[in-house]
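# what shape does this take:
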Amino acid sequence: QWPWQQLGAIFSQDFKGICEILSSWGFDSDRPTQRLHRAIQMLLASEQYPEMLEAMKARVLVEEGVEVDGKEEAYANASDLRFAANMALWLMHAREEVFLLAQQHTFSNSSDVINRLLQIYVIHLIDKSQHEAIPVYACSLRDTMLDLTYCVYFDELLRDPPGAQQLRAFRLAQELLGPVTQTIALKVVDKAHRYIVEDTAQQLRHKAHACEWLCKCGLLEPGHQYTLLLVQELAMRGHEWHELGLDLLAKVPLSPDGNPLHAQEAMLPTATLLSRWQQWLPPQQAP
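Numbering: from 1, shown residues only. This next block holds a predicted model:
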């Protein structure tokens, strides 16, 4: 595995050190091709940073998707992609002039290449379920791309019932991305409630997962509001859906500490309604 936890120490290297580290760490299959490594090393030595980014764009990214492990991807080689994405990060964090250029000219050619490399690499990490590394690279994306990429990531996680992995993904994002994490989470849950799919059961389960996840991430007020909307919808759909509603109500914390003994005294108005719905919603009768 790529030691992304040590990026700070890695980025303190000079051009020779960074190039050698990125080309030798991990298994042989993780290392970049010699052709790319040598080209970048030569450009780094002469401090031709814009040219280096263009070289990585030309050699790593592809205009039309190519098949990698049976799936169409926007890069030609995963090892070269990792090398290029980390070189782009190193330029931003260890070469002040490149970072300032990217900040002052958000949509300059150099900034475009850096953002594109990081975006494709983050998508690659999502596909490979490298959950702890995702926010490390995503935090350097442009705001709009960060928002879009993380919406896709969280939405995919919520295809399964929320557990430790889904909650940890939110906590890690909160730690590295900051307050924008809550905004993204709310967008994901809102989309789950608005998006219509042909499979009704799949859609309703996805909504339930989103409600439970939002509440367990600590966003109780909006989480309770979305949960109330879903429970009301399930009640109107008929007895066959009541079990899903009751199951959700049993899992959603009603108070900040999640302790049912403290719920009544710490409840928000919507939480009080949810508590009543647990009594109002009759379970499905056995035939």
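
# C-alpha only now, for contacts and for neighbours.
Fine.

# now for the helix or strand that contains residue 186, which elements pack on it?
Take DSSP states H and E as the rule and residue 186 turns out to sit in helix 180-194. The contact analysis (3 or more Cα pairs under 8 Å, 6 or more residues apart in numbering; DSSP states H and E) places helix 180-194 against helix 143-157, helix 164-177, helix 200-216.

# ok, now with 10 Å
Helices and strands touching helix 180-194, as assessed by 3 or more Cα pairs under 10 Å, 6 or more residues apart in numbering; DSSP states H and E, comprise helix 143-157, helix 164-177, helix 200-216, helix 220-237.

# list the buried residues for that helix?
181-182, 184-190, 192-193 (16 or more other Cα atoms under 10 Å).

# in stretch 49-64, which residues are buried?
Buried, per 16+ other Cα under 10 Å, within stretch 49-64: 49, 52-53, 55-57, 59-61.

# which residues does residue 131 contact?
For residue 131, the contact set (Cα atoms under 10 Å, 6 or more residues apart in numbering) comprises 122, 125, 153, 165-166, 168-169, 172-173.

# just the buried ones out of the residues you listed, please.
122, 125, 153, 166, 169, 172-173.

# need the max-distance pair from these.
The widest separation within the buried ones among the contacts of residue 131, taken as Cα to Cα, falls between 122 and 166 and amounts to 17.0 Å.

# neighbours around the residue nearest to residue 187 when sequence neighbours are not counted, how many?
The spatially closest residue to residue 187, leaving aside those adjacent along the chain, is residue 151, at 7.2 Å (Cα to Cα, 6 or more residues apart in numbering). Neighbouring residues of residue 151 were enumerated by other Cα atoms under 10 Å; the total is 20.

# ok, now which ones touch residue 151?
145, 181, 183-189, 191.

# can you put those in a markdown table and add distance to residue 209 and pLDDT?
Formatted as a markdown table, the contacts of residue 151 follow (distance: Cα to Cα, whole Å; pLDDT from 0 to 100):
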| residue | distance to residue 209 | pLDDT |
| --- | --- | --- |
| 145 | 25 | 92 |
| 181 | 18 | 96 |
| 183 | 18 | 96 |
| 184 | 16 | 97 |
| 185 | 12 | 97 |
| 186 | 13 | 97 |
| 187 | 14 | 96 |
| 188 | 11 | 96 |
| 189 | 9 | 96 |
| 191 | 13 | 94 |
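
# quick check, nearest of those to residue 280?
Ranked by distance to residue 280 (Cα to Cα), the contacts of residue 151 are led by residue 189 at 25.0 Å.

# can I assume residue 47 sits in a strand?
No - Residue 47 sits outside any strand when classified using DSSP: H, G, I helix; E, B strand; the rest coil, being coil.

# where in the stretch 151-287 of the chain is pLDDT low?
257-268, 283-287 (pLDDT under 70).

# pLDDT at residue 67, what is it?
Per-residue pLDDT puts residue 67 at 52.

# and residue 168, what does it touch?
Contacts of residue 168 (Cα under 10 Å, 6+ apart): 131-132, 174, 217.

# closest one to residue 270 out of the buried ones among the contacts of residue 131, please.
Distance ranking of these against residue 270, using Cα to Cα, places residue 166 first at 24.3 Å.

# give the contact list for the closest one.
Residue 166 touches 131, 154, 156-158, 160, 213, 216-217, counting by Cα under 10 Å, 6+ apart.

# with distance to residue 117 added, can I get those residues in CSV?
Converted to CSV, the contacts of residue 166 look like this (distance: Cα to Cα, whole Å):
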residue, distance to residue 117
131, 18
154, 21
156, 22
157, 23
158, 26
160, 29
213, 30
216, 33
217, 30
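
# sweet, I'm off.
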